[in-house]
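Participant: with the sequence up front, the predicted model follows.
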Amino acid sequence: MSAPEIKKSILDHLTYSIGRPPSLASKQDYYKALALTVRDRLQQHWVETVQAYLEQDLKVACYLSAEFLMGPHLGNNLLNLGIENEVRQAVKEMGCELDELLAEEEEPGLGNGGLGRLAACYMDSLATLERLALGYGIRYEFGIFDQEIRDGWQCEITDKWLRSGNPWEIAKPEITYYVNFGGHTEYYRDEAGAERIRWVPDRAVKGMAYDTPIQGYRVNTCNTLRLWSAEACESFDFQAFNTGDYYGAVDDKVISETITKVLYPNDEPEIGKRLRLLQQYFFVSCSLQDMLRLLDAQGQPTQRFPEKFAVQLNDTHPSIGVAELMRLLVDERRLSWEDAWDITVLTFGYTNHTLLPEALETWPLPLFRELLPRHLEIIYEINARFLASVRETHHQDDEHVKRLSLIDENGEKRIRMAHLACVGSHAINGVAALHSELLKRSVLKDFYELWPERFNNKTNGVTPRRFMALANPKLSELITRTIGDGWITHTEELRMLEPFSEDAAFRKEWRLVKQSNKQQLADYILKQTGIELDPSWMFDVQVKRIHEYKRQHLNILHVITLYNRLKRDPKLAIAPRAFIFGGKAAPGYFIAKRIIKLINAVGEVVNNDPDVNKKLRVAFVPNFNVQNGQLIYPAADLSEQISMAGKEASGTGNMKFTLNGALTIGTLDGANVEIRDEVGEENFFLFGLTTEETLRLQQQGYRPYAYVEGNSELAEAIRLIASGHFSHGDTEVFRPLVDNLCQSDPFLVFADYADYIACQDKVAGVWKDPENWTRMSILNTARAGKFSSDRAIREYCDEIWDVRPVPIMIKD
Ligand SMILES: CCc1ccc([C@H](C)CC(=O)N[C@@H]2O[C@H](CO)[C@@H](O)[C@H](O)[C@H]2O)cc1
């Protein structure tokens, strides 16, 4: 791990792995050689961790997720191995800058947003807490699209993240499984004469494992992220070729590989596309077959499956797993239905990440029957037994039974995947206290009344390694210099910072760190957008997927309100503010794309208007992802968490901002509630209707335009948008947005406008006293220890998975 040894290893990899003499090597080559050098050092831990698993009778946490938003690996692995300085020195001696090589890494964007990034944070915490774990997912050839902003509009660019290979993964051709589709089922008599059902599929693909090491922070544990890639069983059909059917010869190859070709770029609206179901079944079947192989490899009986594997369903996307495990246990391992069902329920836990009805996945029966005929039968059987028990034990009326059923019989019959997940899991959790409560009171109410003991809350968390130590080295250095470095693995120790909020010298240092982070972000934004931001201004930031319930359009209404105030009186004493936005919209999400256009259109007018651009600036950071998120979270003064109450399940960006000393303006939604409880209501800018109040308002009949008539600033802002003031006189481009707001406003933007503006004025007031602001900022960081993914993972391990720490010894 010393600089000279690392230098030698990089040179060796340049020669033996890359095959380039240093004189000819490009930055990409040096990056690759360094990545392989670092991977070597991970692999020793990796092998020891796998060895420990094979030698000891241990239980493993298996996290099934259709998305893993890992972010760039190199910096994180240098931090977790504790060799950043040695590497920085080694590459310097070779004439390279570590930061240049870090910038060479393609970000593996195998996720959309919160759900995918949470899975990545949890993998980091599982390894750091020395819990044996496997992350199972899909190795998409193309991840989340790259976003370019052209003339204010989002443009989607294919994410060819594998174009120059991926040094962090190891292909495992020896770990492949067949996954079947289509066909029919039939009865047959087994050798014992027992009548059984077999599936006669009409298509199969092969799933091959690609493993990525997940190194814990300063421990020997190195877990595995196993991503499956689809390939044809026969990559080339010579028969077809010889008969001149050249396309037919590779047909199967093309079709099969399509399964893991691309990530669906939607987060929230359910899409119900056939390929999406193929993707979900494909990776789940490979994963469960892999677990059964591991069980066999350890000579363990099938009955011990739940003692060896705790399988967590990351939302409903992998919930077909309930039916697939039953198929593997009953059809292939010939267990009785009852035994198989007990194993299944004991094995699975289900995490729900959204209350939005349109995001709860349901599959049309005909599609299900066509692709997965045997699973449909199994789901019918599960449903029949479930409803029978419900009738028996709970004497439920038909209406109730209908509501609980796995099959939605209203109109076109559909499979309710959330219901399958609930029936097949012994634990069901939401991702923040409010969300878990709302789950019990709304979408999963009937299941809660049935099985209250299964329901629990696991408030989300984020890894302090990537989002503090790696993203904010200056703040980390100041904190460690002040309270030691225990906080990196025990964030509750951040509390020791509290007394320093009263120390003027410390506050000064705290402000200087924030200032330099803001300068760094300003430089990045200038390079990306050409927009100049002054780091002495308040950086007011909203970065997250673009969605109406997250209300980026409420934020831009505040910007327009300040714009109007300044246009009316350019000398108005407004606290100079830079409004920074970022986030991708699902390509088919019409309104969300118009919101991006509106933000950029308002920005263009504001930034070029001398009456206002000395106090107001707007910048939309293109291609918001994990990499630039690491630049943005440390540089924010104000974190915008302004979703309509009851809509944001948790949020995790809110936690990253708070841990990096930003103050939050937000509603009582998701984890905002717990952030406010932890940091103190006096250190949180609260506004807006509560969940109850939103429901009451919508029940009593909500007339959005009444709020426009009742508020001149709101009326002026809407009038300006509708007039084409921000669109070169074009009154059509934003009409759909204005009409949506004035006629339905489903996310109560108008209802919360006045309180939001008043709260923002309060923020401006507090900002005027930097000492007080800094004190509040320090207290936010000091009291945000709860929001570490380590705390969340400890709870999952102790309360759901029963997975214990296993220190890994490195044998010399
Ligand atoms: C079917 C398409 C689809 C894809 C993704 C999703 C995810 C559930 C969306 C998501 O990322 N939800 C977010 O999950 C985070 C982690 O728990 C929460 O913090 C966010 O509040 C929630 O919106 C729903 C539907």
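Facilitator: Noted; the coordinates are in hand.

Participant: residues from the stretch 301-450 of the chain in reach of the ligand?
Facilitator: Asp315, His353, Thr354, Ala359, Glu361, Val431 (Cβ under 6 Å from any ligand atom). No exception for glycine: its C-beta is placed from N, CA and C like everyone else's.

Participant: farthest pair within those residues?
Facilitator: Farthest-apart pair in those is Glu361 and Val431; separation 16.8 Å (Cβ to Cβ).

Participant: out of the residues of the stretch 301-450 of the chain next to the ligand, who's the most crowded?
Facilitator: Most neighbours among those, by other Cβ atoms under 10 Å: Val431, with 29 neighbours.

Participant: tell me which helix or strand of this protein sits lowest on mean pLDDT?
Facilitator: Counting by mean pLDDT, DSSP states H and E, the chain has its least confident helix or strand at helix 238-242, which shows a mean of 74.

Participant: by contact count, what packs against that one?
Facilitator: Here helix 238-242 touches helix 246-258, going by 3 or more Cβ pairs under 8 Å, 6 or more residues apart in numbering; DSSP states H and E.

Participant: what's the span of stretch 66-73 from first residue to last?
Facilitator: Taking Cα to Cα, to the nearest Å, stretch 66-73 runs 19 Å from one end to the other.

Participant: residues contacting that stretch, please?
Facilitator: Where contact means Cβ atoms under 8 Å, 6 or more residues apart in numbering, the residues beyond stretch 66-73 that reach it are 35, 102, 105-113, 115-117, 119-120, 123, 135, 137-138, 144, 168, 212, 225, 227, 263, 279-280, 283, 314-315, 317-318, 466, 625-627, 629-630.

Participant: any idea how far the ligand is from Arg139?
Facilitator: 18 Å (Cβ to the nearest ligand atom, to the nearest Å).

Participant: equivalent analysis for Ile415, please.
Facilitator: For Ile415 relative to the ligand (Cβ to the nearest ligand atom), the value is 14 Å.

Participant: contacting residues for Glu771?
Facilitator: Ala504, Arg507.

Participant: what comes up buried for the helix or strand where it lies?
Facilitator: Counting by DSSP states H and E, the element that carries Glu771 is helix 770-782. For helix 770-782, a neighbour-count test (16 or more other Cβ atoms under 10 Å) marks Trp773, Thr774, Arg775, Met776, Ser777, Ile778, Leu779, Asn780, Thr781, Ala782 as buried.

Participant: helix/strand/coil for the closest residue to the ligand within the stretch 701-812 of the chain?
Facilitator: Closest to the ligand within the stretch 701-812 of the chain is Ala792: 10.1 Å, counting by Cβ to the nearest ligand atom. Following DSSP: H, G, I helix; E, B strand; the rest coil, we place Ala792 in the helix state.

Participant: excluding chain neighbours, what is closest to it?
Facilitator: Nearest non-adjacent residue to Ala792, counting by Cβ to Cβ, 6 or more residues apart in numbering: Gly461, 3.8 Å away.

Participant: same deal with Val345?
Facilitator: Closest to Val345 by Cβ to Cβ, 6+ apart is His426, at 5.1 Å.

Participant: Leu98 now?
Facilitator: Looking at Leu98 with Cβ to Cβ, 6+ apart, the closest residue is Arg88, at 4.5 Å.

Participant: kindly reformat the buried residues of helix 770-782 as TSV containing distance to the ligand and pLDDT.
Facilitator: Below are the buried residues of helix 770-782 laid out as TSV (distance: Cβ to the nearest ligand atom, whole Å; pLDDT from 0 to 100):
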residue	distance to the ligand	pLDDT
Trp773	27	98
Thr774	28	98
Arg775	29	98
Met776	24	98
Ser777	23	98
Ile778	25	98
Leu779	23	98
Asn780	19	98
Thr781	20	98
Ala782	23	98
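
Participant: what ranges do the strands span in the stretch 701-812 of the chain?
Facilitator: Read by DSSP state E, counting those that start in this stretch, the stretch 701-812 of the chain holds no strands at all.

Participant: thinking again about what came up before, which of the residues in the least confident helix or strand of the chain are buried?
Facilitator: Neighbour counts over helix 238-242 (16+ other Cβ under 10 Å) mark Ala240 as buried.

Participant: same question, stretch 499-512
Facilitator: Phe500, Ser501, Phe506, Arg507, Glu509, Trp510, Arg511.

Participant: how about the residues of the stretch 501-650 of the chain by the ligand?
Facilitator: Residues of the stretch 501-650 of the chain lying close to the ligand (Cβ under 6 Å from any ligand atom) are Glu648, Ala649, Ser650.
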